[in-house]
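K.L.:
missing the sequence, but the structure's below:
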């Protein structure tokens, strides 16, 4: 009886050991975990190396290829990132994410015409992604196609009302066109979403000053200085606004 119990115990230990071995991640999974962890903490060059290790073990792993390209962009390895996405699109010509990242890459390289083409292709595959519209707006804005840029920013905030960057760039375009009322509405959204965004408050003050609303301008420039008291432009703008306000009272 004791011998049987001992045999059963040994068998159970062997089974548990086998299961533990089977559950351990292989080298491919381990490398992918490393890549994800490096990416989370912004160590993009290390993430690139880990993603490459994954692809050496399995060249068809799409997540690794997308991650590799993203981290190459972040590490400013633009030529390598371009090759990564071009290779990926040869095997997956309908991959929206790849076109989106390719558009970002071209924007970083200041190649705006191919950026527009890539982002438009991404929108053909998925028109509901707010950030694609935002990036396309940036590309149009860089080529001074301001109407097209504004339309893309408007679509971005309609799809994602908390897209602070789209609101901010919309405000900048409206300011450029001297549409200060609309610009104030856009910048107000920025400060609601990101109360610590220095330039949101500063540009609110700037647009208010342009409309002669000096009390509002004073308040907004003061808010900017609460975020960063050393911001010289806000200090000077506050002083001008206070002088205008004082003159208006007299």
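P.N.:
Thanks, I have it. Remember, it's a predicted structure, so these values are computed and weren't measured experimentally. Numbers count the residues shown, from 1 in each chain.
K.L.:
Below-threshold pLDDT in this structure: ranges please.
P.N.:
1-25, 248-250 (pLDDT under 70).
K.L.:
what helix or strand is the residue nearest the centre of the chain on?
P.N.:
Among the residues of the chain, the one closest to the centroid is residue 131, at 7.6 Å (C-alpha atoms, centre = their mean). Assigned by DSSP states H and E, residue 131 belongs to helix 130-142.
K.L.:
How about the secondary structure of the residue lying closest to residue 170 once chain neighbours are set aside?
P.N.:
Of all residues not flanking residue 170 in the chain, residue 153 sits nearest, at 4.1 Å (C-beta to C-beta, 6 or more residues apart in numbering). For glycine as for every other residue, the C-beta is placed from the backbone atoms N, C-alpha and C. Judged by DSSP: H, G, I helix; E, B strand; the rest coil, the three-state class of residue 153 is helix.
K.L.:
do the same with the one 5 residues further on
P.N.:
Secondary structure of residue 158, reduced to three states by three-state DSSP: helix.
K.L.:
List the contacts of residue 58.
P.N.:
28, 64 (C-beta atoms under 8 Å, 6 or more residues apart in numbering).
K.L.:
what's the spacing between it and residue 88?
P.N.:
14 Å (C-beta to C-beta, to the nearest Å).
K.L.:
for residue 41, same thing?
P.N.:
25 Å.
K.L.:
For those two, work out which one has more neighbours and name it.
P.N.:
residue 88 (20 against 9; other C-beta atoms under 10 Å).
K.L.:
So which bits of the helix or strand harbouring that one are buried?
P.N.:
According to DSSP H and E, residue 88 maps onto helix 78-91. Judged by neighbour count (16 or more other C-beta atoms under 10 Å), helix 78-91 contains these buried residues: 80, 81, 82, 84, 85, 88, 89.
K.L.:
No further questions, thank you.
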